[in-house]
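A.B. asks: Quick one, fold the following:
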Amino acid sequence: MKCPHCIYSNPEGEKFCLSCDEFMIHGKDDQERNSIFYRFAHRVDGLPRSHRSVEPKFRNLFSRVFRKHSEIEAERLFIVGTGLTTPKIEEVEETWPKPWLFARVFLIALISYIGLYLGVSLFGNINFIPGLIVVGAFAVPFTTLIFFWEMNAPQNIAIYKIVYVVFIGGILSLLVALVFYDILGNNINVITIGITEELAKVITVIYFVRNLKYKYVLNGLLLGAAIGAGLWPLKRQVMP
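C.D. replies: Sure, this is the predicted structure:
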């Protein structure tokens, strides 16, 4: 089905264009335009530019969270970053992407956590405890990582690179933080812990973005989220 707005060829059955996100089917589907969230987003978009903190429209961020999405859309999110799938910077849209998968990931993690918790609390099975710890530690960092993955408009980082940064970057930032802790000695407190951990992540991010290939702000945010996703579960085990 071709979109009447941008002439993009979409799979059959899609209500919204995968390229421009505009409605392709009119009728009762137009009721979605009148939803509270949609009207609120349009009200925000109507604010003068002097009142906006960012140029992209507010509705671009969450307009697709509550819509039905196909597996094809999810698959397309991860087929990027290679020499054949990285778009030219001129082809990147001026507005930010419209993330939605992160909400599904968080919901799945939440359901998994509740299931594991019930296994421990109701049935007293201690074998659920390791899974409960892992899912509880990774749920929010991994959801945040998926959000910034979807927000990476240049689409110039492959998924295997992110997996590499999660594990290697998490370990490196942990080691850097431990070095700082050793230097601080007995001066460790709530304030120094926060400063030390964030500084360790910054140093690790700088190491990974030293390649000029990752020169965009959204690249740095994505790599920072990947490092944070790797560091958070580890630090809960070994850091003070």
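
A.B. asks: quick one: the helices in this protein?
C.D. replies: 36-45, 59-62, 71-78, 101-121, 129-151, 159-164, 170-184, 190-208, 217-238 (DSSP state H).

A.B. asks: Output the below-cut-off pLDDT ranges for this structure.
C.D. replies: Filtered on pLDDT under 70, the chain yields the residue ranges 1, 12-60, 93-96, 211-212, 233-240.

A.B. asks: quick revisit: which one of the helices of the chain is the most hemmed in?
C.D. replies: Each of the helices of the chain was assessed for mean neighbour count using mean count of other Cβ atoms under 10 Å. The highest is helix 217-238, with a mean of 20. Heads up, the C-betas are built off the backbone N, CA and C, glycines and all.

A.B. asks: Next, work out how far apart the nearest residue to residue 223 once chain neighbours are set aside and residue 145 are.
C.D. replies: Excluding the flanking residues, the one nearest residue 223 by Cβ to Cβ, 6 or more residues apart in numbering is residue 208, at 5.1 Å. Residue 208 sits 14 Å away from residue 145, going by Cβ to Cβ, to the nearest Å.

A.B. asks: Also residue 70?
C.D. replies: According to Cβ to Cβ, residue 70 stands 23 Å off from residue 145.

A.B. asks: and if you look at residue 113?
C.D. replies: Relative to residue 145, residue 113 is positioned 17 Å away (Cβ to Cβ).

A.B. asks: same thing with residue 134?
C.D. replies: From residue 134 across to residue 145, the span is 15 Å (Cβ to Cβ).

A.B. asks: and what of residue 220?
C.D. replies: Distance of residue 220 to residue 145, given as Cβ to Cβ: 14 Å.

A.B. asks: So what does residue 158 look like in phi/psi?
C.D. replies: Note on residue 158: its backbone torsions stand at phi -80, psi 160 [degrees, to the nearest 10].

A.B. asks: That one and residue 80 touch, don't they?
C.D. replies: Yes - using Cβ atoms under 8 Å, residue 158 is in contact with residue 80, at 7.1 Å.

A.B. asks: Let me see the contact set for the spatially most central residue of the chain.
C.D. replies: For the chain, the residue sitting closest to the mean C-alpha position, by Cα atoms, centre = their mean, is residue 147 at 1.7 Å. Residue 147 is in contact with 99, 102, 225, counting by Cβ atoms under 8 Å, 6 or more residues apart in numbering.

A.B. asks: go with 6 Å
C.D. replies: Applying Cβ atoms under 6 Å, 6 or more residues apart in numbering to residue 147 gives the contacts 99, 102.

A.B. asks: chain center to stretch 170-185: distance?
C.D. replies: Relative to its parent chain, stretch 170-185 has a centroid offset of 26 Å by Cα atoms, centre = their mean, to the nearest Å.

A.B. asks: er, stretch 82-89 actually
C.D. replies: Mean C-alpha position of stretch 82-89 versus that of the full chain (Cα atoms, centre = their mean) differs by 20 Å.

A.B. asks: got a list of contacts for stretch 128-145?
C.D. replies: Applying Cβ under 6 Å, 6+ apart, the contact partners of stretch 128-145 are 102, 105-106, 109, 112-113, 116, 119-120, 225-226, 228-229, 232-233, 236.

A.B. asks: Swap in 7 Å and give it another go.
C.D. replies: The contact list for stretch 128-145, computed with Cβ atoms under 7 Å, 6 or more residues apart in numbering, reads 102, 105-106, 109-110, 112-113, 116-117, 119-120, 225-226, 228-229, 232-233, 236.

A.B. asks: go on, stretch 110-126?
C.D. replies: Identification of contacts with stretch 110-126 by Cβ under 7 Å, 6+ apart yields 128-129, 131-132, 135-136, 139.
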